[in-house]
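> below are the sequence and a predicted model; questions follow.
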Amino acid sequence: KAGVTQTPRYLIKTRGQQVTLSCSPISGHRSVSWYQQTPGQGLQFLFEYFSETQRNKGNFPGRFSGRQFSNSRSEMNVSTLELGDSALYLCASRADRDEQYFGPGTRLTVT
Amino acid sequence: DQQVKQNSPSLSVQEGRISILNCDYTNSMFDYFLWYKKYPAEGPTFLISISSIKDKNEDGRFTVFLNKSAKHLSLHIVPSQPGDSAVYFCAASGAGNNNDMRFGAGTRLTVKP
């Protein structure tokens, strides 16, 4: 089985711009979660999608949004980028209550 | 709010000795706990898990202990190997459909040869 893939792997944007990150889950996995990793903060939960519906949401501002398509692929969008949004964004998929499988992440740098 | 806490940002042990990584949680609705390992430039990979109906789960060199009354879990690695050097994240999820997974800040383990 192919693993979770994320594109792009690296991204540089300037403040005020918006960005869209993409995630393709493992085949058959309907749950996709997004996390932000910054030094010292661990993995901060952004949101989880299941069957095209947002099932859970973390404590991030409305500038962070996402969606899931019928093939379970998911996108995350961040609008009006701020310097503090620079981080590694990880996507994870899982079948049900099993462990999550993570992608390699997208490293976003905001200048 | 940090519902899952790893209070030690780093840990250094000698090869062959035991590594003990600790994790505390505040939400009593969590009933499934996991440990993930992360190398630089890679996503976290699942290591071991434990459900709240157990107090110990062992897989080779890795053992996870759960103390529900103290809301504490720990990961023991015996014997530690240099290849175990990585960042370890503790995670927890709750019962029901809204079982989003929450992670701790991570502990960087360094195993010295």
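Nice, thanks for sending it over. Numbers count the residues shown, from 1 in each chain, chains lettered A, B, ... in the order given.
> contacts, neighbours, all on C-alpha from now
Noted.
> just checking, what packs against the helix or strand of chain B with the lowest mean pLDDT?
Here the helix or strand of chain B ranked lowest by mean pLDDT, DSSP states H and E is strand B:101-103, holding a mean of 86. Under the contact definition 3 or more C-alpha pairs under 8 Å, 6 or more residues apart in numbering or on different chains; DSSP states H and E, strand B:101-103 sits against strand A:42-50, strand B:4-5, strand B:86-94.
> and if we set it to 6 Å?
Here strand B:101-103 touches strand B:86-94, going by 3 or more C-alpha pairs under 6 Å, 6 or more residues apart in numbering or on different chains; DSSP states H and E.
> and the angle from the strand it packs on to strand A:42-50?
Counting by axes from the mean of the first three to the mean of the last three C-alpha atoms, to 10 degrees, strand B:86-94 lies at 40 degrees to strand A:42-50.
> residues in contact with strand B:86-94?
Identification of contacts with strand B:86-94 by C-alpha atoms under 6 Å, 6 or more residues apart in numbering or on different chains yields B:29-39, B:99-104, B:106-109.
> beyond whichever helix or strand A:Gln6 is part of, next helix or strand please.
Assessed by DSSP states H and E, A:Gln6 sits inside strand A:5-7. Moving toward the C-terminus from strand A:5-7, the next helix or strand (DSSP H and E) is strand A:10-13.
> near chain B at all, that following strand?
No - shown here: strand A:10-13 not in contact with chain B (C-alpha under 6 Å from any C-alpha of the partner chain), separated by at least 10.9 Å.
> show me what that strand is packed up against.
Counting by 3+ C-alpha pairs under 6 Å, 6+ apart, strand A:10-13 packs on strand A:106-110.
> let me know the next secondary structure element after the least confident helix or strand of chain B.
strand B:107-112.
> so A:Gly84 sits in a helix?
Yes - under DSSP: H, G, I helix; E, B strand; the rest coil, A:Gly84 falls within a helix.
> run a quick neighbour tally on the nearest residue to it once chain neighbours are set aside.
Leaving out its chain neighbours, the residue that sits closest to A:Gly84 by C-alpha to C-alpha, 6 or more residues apart in numbering or on different chains is A:Val110, at 7.7 Å. As a burial measure, A:Val110 scores 18 neighbours (other C-alpha atoms under 10 Å in any protein chain shown).
> identify the residues contacting A:Val110.
A:Val110 touches A:Ile12, A:Lys13, A:Thr14, A:Leu83, A:Ser86, counting by C-alpha under 6 Å, 6+ apart.
> skipping adjacent residues, who's closest to the fourth one in space?
Closest residue to A:Leu83 in three dimensions, ignoring its sequence neighbours and counting by C-alpha to C-alpha, 6+ apart: A:Val110, at 5.2 Å.
> based on its surroundings, how many neighbours for residue 64?
Unless you meant another one, I'm taking chain A. Applying other C-alpha under 10 Å, we find 18 residues neighbouring A:Phe64.
> you looked at the wrong chain, it should be chain B
B:Val64 has 23 nearby residues by other C-alpha under 10 Å.
> quick check: it touching B:Asn57?
Yes - between B:Val64 and B:Asn57 a contact is recorded at 5.3 Å, counting by C-alpha atoms under 6 Å.
> torsion angles phi and psi at the residue most central in space within chain A?
Per C-alpha atoms, centre = their mean, the C-alpha nearest to the average position across chain A is that of A:Trp34, at 3.4 Å. With angles defined as degrees, to the nearest 10, A:Trp34 sits at phi -120, psi 140.
> equivalent analysis for B:Pro82, please.
phi -50, psi -30.
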